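Enquirer: give me a model of this one.
(chains A and B)
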Amino acid sequence: MLDGILAGLATAVMPTNLMMVMVGCFVGTFIGMLPGLGPISAIALMIPITYGLDPSSGMILMAGVYYGAIFGGSTSSILINAPGCSSTVVTAFDGYPMAKKGQAGKALALAAYASFTGGTLSAIMLLIAAPALAKVSLSFQSSDYFSLMLVGLSAVAAFAGKGQVLKAWMMTILGLMLSTVGIDKGIGVERFTFGLTDLMDGFSFLLLAMATFALGEILFTILKPEPDTSAEESSALSDIGSMKVTKEEIKEVAPVAIRSSFLGFFVGVLPGAGATIAAFLSYGLERNLAPKDKRDEFGKGSIRGLVAPEAANNAASSGSFVPLLTLGIPGSGTTAIMLGALISYGIQPGPRLFVDNPEIFWSVIISMYFGNVVLMVLNLPLIPYIAKLLAVPRTVLLPMIIFFSITGVYLVSFNTVDVFIMILVAVIAIFLRLATFPLAPLLLGFILGGLMEENLRRSLMISDGELSFLWERPITLTFTVISALVLITPILLTAFNRRRAKKTVFVDDCD
Amino acid sequence: MQSTPISLLSRDRVSGLIFLLVCLIYGYQATQIQLFPGDEYEAFTARTLPYLLTVAGIVMSLLLIVMSPASPCNDSTCEQQGANESRLDWRLLSSFVVLMTAYGLGLTWLGFVLATSLFLLGGFWLLGERRKAVLLGASFPFVTLFWLLLTKVLDIYLEPGYLFLSF
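Expert: The predicted structure follows:
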């Protein structure tokens, strides 16, 4: 393991890779600050750039962008109450009231320190948990993988949000359906190509990711125009006040940051849970743990309320890398994009990654830590300058982002048909968003589809077509039971709640 | 007492119906996937996963149709929904879709520099930008620099447009 860590460290400290971390953090911070664009869009926009890099550098760049985008989202949450992504919504609860009190600088500094604590602790936990889990998963067989993928897909759907579980499943199935388009890799026959040569290779991951999360997001912003906050944000950043944090304040928030980091990491490890749930949970936990007088400050500019979600969402972001790197199962939409990118490099994430490509495995983990350092040491003081970029009017910024999205796909394939398919997919994505269908499960289903089919094929072949492979091995049985529970519980809960609501309405009517 | 009009076709039910249709078409197309002789004895063929997905998709869409409530359309939520929808700028979106499609065609016929510059110019204009310095300054010079970066620094070959190939 030590050899692997040293190889990873050697890769991570290469000047190119250090530059990737810095560039990633800056670009991520900038994109994350733009309301409406979060880490997933930022990473999607980066994919075409990483295609020209070696896998380690590409992953390091994406990890930097991920952290930067979360940090950027926190910045716009604190300053103008416009979270760039859902995981920083909670940050605005107390960060924005602090900014209104003239403590924007302090809020930004606290958010950065909390993120740093979350990032540091989670990097240490990742260092311990990932190899341990990777070693265990080396004994996995096809049936275990198949059932594990079922857990991943069903968990992502289950955490989709109230009233969206069924829709998330539908999107997962749609993603799996899209993954079956093209020549079947196992048997070699064409499926759903309609004789079109452009569909022989199936849909491109890059195209789908860019169309749904980069182009789709921007077109949605155009469809649903929000007031242009760039000037407001820029002026808010020009005078943010002192960034000094007193010793008493650090003493008060240190245990909060540590607790939230642990909670965030473990929530992040769960497939599908992610940074948003971690942020909400830690905020709720800290409010309950706070003494009475401090509890009343929550929502009015409490430093505990700001630090808790910031530490938790950063730790959860690292945590979500555990299932990605060790099992090859992405825990969120963002890590799903990274999984797709790794597969595009010809690298299969999972337990073998730890054995076959230790330099990638470890360099990503180590550079995540570097990313945290860059964010705190370089990004925080530079926030007012980065904000100058936000002064670019949206009338210019939006067409530029559309141009980068389209060109990103075009410059990989040099095929204008891809541009037209991308536009079509982006328009469909807009309708899906309007009908409140979550898009991350679609991408997850699409990415895992091929692997899932391959493992199902092998499992069925080995068991001679019997479904008994689902319960013959203890690991498979455990995963199968978990995925069944995750699938059934939300439906039962919805049906139960509806029944109870109906009963209540009936009683009300009687009254 | 005034009764509340109930629309049986709520948005979720329509979505469920569309998804059901997609699943049925997918399922039909799955039956058209070529099988090799002897495949009928195989535990897993190219049709297996598509069949499973079709069944799962149909079950899910039926569940959505059955479980989603009908929408009563005179309460405040409907008014709110209507107000939200009226704020959607479909005309601007359609204009951008047309512009992007034209850009896709332009890449082949006009080449990268001209097509991209015109696309950016059109995009700025559609979003309300009228300052000539911005319209022209952020399109042609920016794209030319980007083209130089791609072709001279990164050594990426960009084919000239069909219109210029004859010259």
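Enquirer: helix or strand with the lowest mean pLDDT in the chain?
Expert: You didn't say which chain, so I picked chain A. Ranked by mean pLDDT, DSSP states H and E, the helix or strand of chain A with the weakest confidence is helix A:230-238, at a mean of 65.
Enquirer: you answered for a different chain; I wanted chain B.
Expert: strand B:71-72 (a mean of 56).
Enquirer: for chain B, give me its nearest residue in the stretch 251-400 of chain A.
Expert: Of all residues in the stretch 251-400 of chain A, A:Pro399 sits closest to chain B, at 2.8 Å by Cβ to the nearest Cβ. Any C-beta I mention is one placed from the backbone N, CA and C, and that applies to glycine too.
Enquirer: is that residue located within a strand, as I assumed?
Expert: No: the assignment for A:Pro399, made by DSSP: H, G, I helix; E, B strand; the rest coil, is helix rather than a strand.
Enquirer: mind listing what it touches?
Expert: B:119-120, B:122-124, B:127 (Cβ atoms under 8 Å, 6 or more residues apart in numbering or on different chains).
Enquirer: please report how far the closest residue to it other than its chain neighbours lies from B:Ala102.
Expert: Once flanking residues are discounted, A:Pro399 sits nearest to B:Gly123: 2.8 Å by Cβ to Cβ, 6 or more residues apart in numbering or on different chains. With distances taken as Cβ to Cβ, to the nearest Å, B:Gly123 is found 11 Å from B:Ala102.
Enquirer: those two: which is more packed in?
Expert: Per other Cβ atoms under 10 Å in any protein chain shown, whichever of B:Gly123 and B:Ala102 has more neighbours is B:Gly123, with 26 against 16.
Enquirer: could I get the pLDDT score of that one?
Expert: The confidence metric pLDDT takes the value 95 at B:Gly123.
Enquirer: A:Ile401 is in contact with that one, correct?
Expert: No: assessed by Cβ atoms under 8 Å, B:Gly123 is found out of contact with A:Ile401, at 9.9 Å.
Enquirer: where exactly do the helices run in the stretch 351-500 of chain A?
Expert: Along the stretch 351-500 of chain A, the stretches classed as helices by DSSP state H, counting those that start in this stretch are A:351-356, A:358-374, A:380-390, A:394-413, A:416-434, A:440-462, A:469-472, A:474-510.
Enquirer: typo on my end, it should be chain B
Expert: Ranges of helices in chain B, per DSSP state H, are B:11-31, B:48-67, B:76-86, B:90-109, B:112-126, B:132-137, B:140-148, B:162-165.
Enquirer: just those: most buried one?
Expert: helix B:112-126 (a mean of 21; mean count of other Cβ atoms under 10 Å in any protein chain shown).
Enquirer: need the contact partners of it.
Expert: By Cβ under 8 Å, 6+ apart, helix B:112-126 touches A:395-396, A:398-400, A:402-403, A:407, B:92, B:95-96, B:99-100, B:102-103, B:106-107, B:109-110, B:134-136, B:138-140, B:142-144, B:146-147, B:150, B:158, B:161.
Enquirer: next one: stretch A:137-145
Expert: With Cβ under 8 Å, 6+ apart, stretch A:137-145 has contacts from A:148, A:326-327, A:350-352, A:355, A:451, A:454-456, A:458-459, A:462-463, A:469-470, A:472-473, A:475-476, A:479.
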